[in-house]
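>>> Could you work out the structure for the sequence below:
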Amino acid sequence: MCEKVTMENDIIVVGAGPCGSFSALTAAKLGAKVTVFEEHPVIGAPSHCAGHLSLSGLKRLGLELPPFLIENMFKSAIFFSPSGKQFSVNFSSPVTCVVNRELFDRYLAEIASNTGARFFLGSRVKGLIQQKNLTKGVIVHKRDRIEKIMCNIVIDAEGNPSKILKNAGLKQPKNRIFVKAVSAEVNNIKDVENDRVEVYLDNKVADGFYAWIIPKRNGTAKIGLATRRGNPKQCLEQFLRKHKIASVKLRKSQITGLSFHLIPLGGPISKTFADGLLIVGDAASQVKPTTGGGIITGLTCAETAGKIATQAVREGNYSESFLKRYEEQWRQKIGFDMKTMLFARKLLNNLSNREVDKLFDIATKLRLEETLVQVKDVDFQGKELLRVARRPSAFTALAYFLFFAIT
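Got it, this is the predicted structure:
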């Protein structure tokens with residue numbers, strides 16, 4: 001293999017997923033020279049999640065998606081307990097949507113490219129170039145050659161697991177707080193409300209997490225689950241064919257697409273910056289511990305990373321002492337919510353199926369849906385919890401719910 005050394009970049013972004021492209025878009029808008037390296041030959045493939053996003057989160061990020069990306073919109077969610085008890089939350093207008101993840105990823109990359117960021121596909125970053133612990137570039141494997149690409153700052157958005165984290169000596173997410181997820185596309189789904197997401201809690205099917213049905217507009221759906229133990233594909237088959245409620249709706253369904261991925265639920269890693277380096281998205285475990293959703297929170301941090309990296313380029317300062325403001329800013333935005341959600345996840349992980357059933361009884365008795373329907377932003381669950389809990393009836397319901405969960 002031949003080797004080539006180039007120096008044409010202010011910022012190199014590793015990974016062209018949503019967080020990588022949004023970091024690149026933000027920095028390019030501000031005038032930085034940005035190059036993005038993506039190991040796969042096609043952006044968005046393979047897809048790693050269902051693409052269920054909050055409308056408020058998209059709006060806050062300034063993302064107005066074209067209609068062809070949106071597969072459905074939802075104003076309701078129904079939850080099923082292990083024994084089949086139901087609890088629903090109904091809003092007056094849509095609060096979430098589901099997008100075609102492959103097209104969504106390509107859309108973000110396209111607008112980043114149109115803004116000036118350069119994308120190289122089929123280019124695997126093998127490691128960092130470091131000089132006295134300062135990151136100065138990346139080593140890229142492109143087909144039949146290896147290139148050393150120099151830059152001022154690297155933004156690691158490669159997802160999980162991250163080779164760069166290890167290369168930089170930063171701590172990895174804790175393995176014991178991962179769940180193994182499987183997502184599938186199915187056809188011929190029956191007896192579902194088109195504007196309602198379905199969530200199934202059952203440790204026998206999805207230990208330590210949940211299963212879901214996300215209907216699309218054409219009689220198909222996205223289904224999936226995540227589990228701490230067991231084979232996720234086998235768990236999905238059990239959900240599809242044997243679950244007493246879901247199997248009725250999916251009796252005639254066939255799987256038309258299948259993907260697997262790990263979801264980190266332990267909250268963000270302890271440090272997301274180093275000399276000449278920023279970590280964003282799944283690589284930084286910037287994922288909601290309650291639902292496993294990481295796109296909106298990741299994009300929030302990616303936008304911050306793009307801004308801070310560009311500031312560093314303008315000032316010529318790529319030190320840890322300067323780049324730590326990235327972590328200070330993203331933790332100010334989502335840190336409290338992440339801590340609250342992690343606390344909730346640990347409580348939920350300790351509940352048996354029988355205890356989950358009792359919680360459904362309590363939620364119904366105390367009309368908890370009246371509290372939850374006041375939630376205006378599903379991405380910032382900690383702040384929303386404090387806001388709605390100011391009402392006496394809401395506080396009573398939530399306190400009762402929490403008390404039961406910890407006793």
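
>>> Need the three-state assignment for Tyr318.
coil (DSSP: H, G, I helix; E, B strand; the rest coil).

>>> measure it to Lys136 for me?
According to CB to CB, to the nearest Å, Tyr318 stands 9 Å off from Lys136. No exception for glycine: its C-beta is placed from N, CA and C like everyone else's.

>>> now the residue nearest to Leu225 when sequence neighbours are not counted, which residues is it bridged with?
Excluding the flanking residues, the one nearest Leu225 by CB to CB, 6 or more residues apart in numbering is Ala211, at 3.7 Å. On the basis of DSSP bridges, Ala211 is bridged to Tyr200, Leu225.

>>> wouldn't Ala211 be in contact with Lys222 here?
No: applying CB atoms under 8 Å as the test, Ala211 and Lys222 come out as separate, 11.6 Å apart.

>>> can you list contacts of the helix or strand encompassing Phe104?
Phe104 belongs to helix 101-115 when assigned by DSSP states H and E. With CB atoms under 8 Å, 6 or more residues apart in numbering as the test, helix 101-115 has contacts from 16-18, 21-22, 24-25, 28-29, 34, 36, 43-45, 47-51, 65-66, 68-69, 119.

>>> So which of those belong to strands?
34, 36, 119 (DSSP state E).

>>> mind giving me JSON lines with these and columns for pLDDT?
Shown next, in JSON lines, are the ones in strands among the contacts of helix 101-115 (pLDDT from 0 to 100):
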{"residue": "Val34", "pLDDT": "97"}
{"residue": "Val36", "pLDDT": "97"}
{"residue": "Phe119", "pLDDT": "97"}
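
>>> and the gap between the residue nearest to Gly159 when sequence neighbours are not counted and Ile43?
Computed as CB to CB, 6+ apart, the closest residue to Gly159 that is not its neighbour in sequence is Asp282, at 4.5 Å. Relative to Ile43, Asp282 is positioned 16 Å away (CB to CB).

>>> likewise Asp195?
30 Å.

>>> Neighbour count for those two, which is higher?
The neighbour comparison of Asp195 against Ile43 (other CB atoms under 10 Å) goes to Ile43, with 22 against 16.

>>> Tell me which residues touch that one, please.
Ile43 neighbours (CB under 8 Å, 6+ apart): 16, 21, 102, 105-106, 109, 119, 121.

>>> Could you do Leu201 as well?
Contacts of Leu201 (CB under 8 Å, 6+ apart): 79-82, 210, 356.

>>> One more: Glu198?
77-78, 80, 192, 212-214, 246.

>>> Tell me the pLDDT of the most centrally placed residue in the chain.
Centroid-nearest residue in the chain, with CA atoms, centre = their mean: Gly294, separated by 1.5 Å. For Gly294, the model assigns a pLDDT of 92.

>>> Apart from its neighbours in sequence, what residue is nearest it?
Gly294 sits nearest to Val287 (CB to CB, 6+ apart), 3.7 Å away.

>>> Which strand or helix spans that neighbour?
Going by DSSP H and E, Val287 is not in any helix or strand.

>>> Near it, how many other residues are there?
Neighbour number of Val287 under other CB under 10 Å is 25.

>>> That one and Leu258, how far apart?
21 Å.

>>> Just the ones of the contacts of Glu198 in helices?
Those of these mapping onto helices are Ala246, per DSSP state H.

>>> Please identify the one among the contacts of Glu198 that lies nearest to Leu170.
Nearest to Leu170 out of these is Trp212 (CB to CB; 32.0 Å).

>>> mind listing what that closest one touches?
Trp212 neighbours (CB under 8 Å, 6+ apart): 50, 197-200, 222-225.

>>> run the last query once more with 7 Å
Contact analysis of Trp212 by CB atoms under 7 Å, 6 or more residues apart in numbering lists 197-199, 223-225.

>>> And Asp207, by the same measure?
Counted by CB under 7 Å, 6+ apart, Asp207 has contacts 227-230.

>>> mind listing the strands in the stretch 151-300 of the chain by residue range?
Assignment of strands within the stretch 151-300 of the chain using DSSP state E, counting those that start in this stretch yields the ranges 153-156, 178-186, 196-200, 211-215, 221-227, 255-264, 273-274, 277-279.

>>> Phi, psi for Pro46 please.
phi -80, psi 150 (degrees, to the nearest 10).

>>> measure it to Phe22 for me?
20 Å.

>>> So which of these two has more stuff around it?
Of the pair Pro46 and Phe22, Phe22 is the one with more neighbours under other CB under 10 Å, namely 29 against 13.
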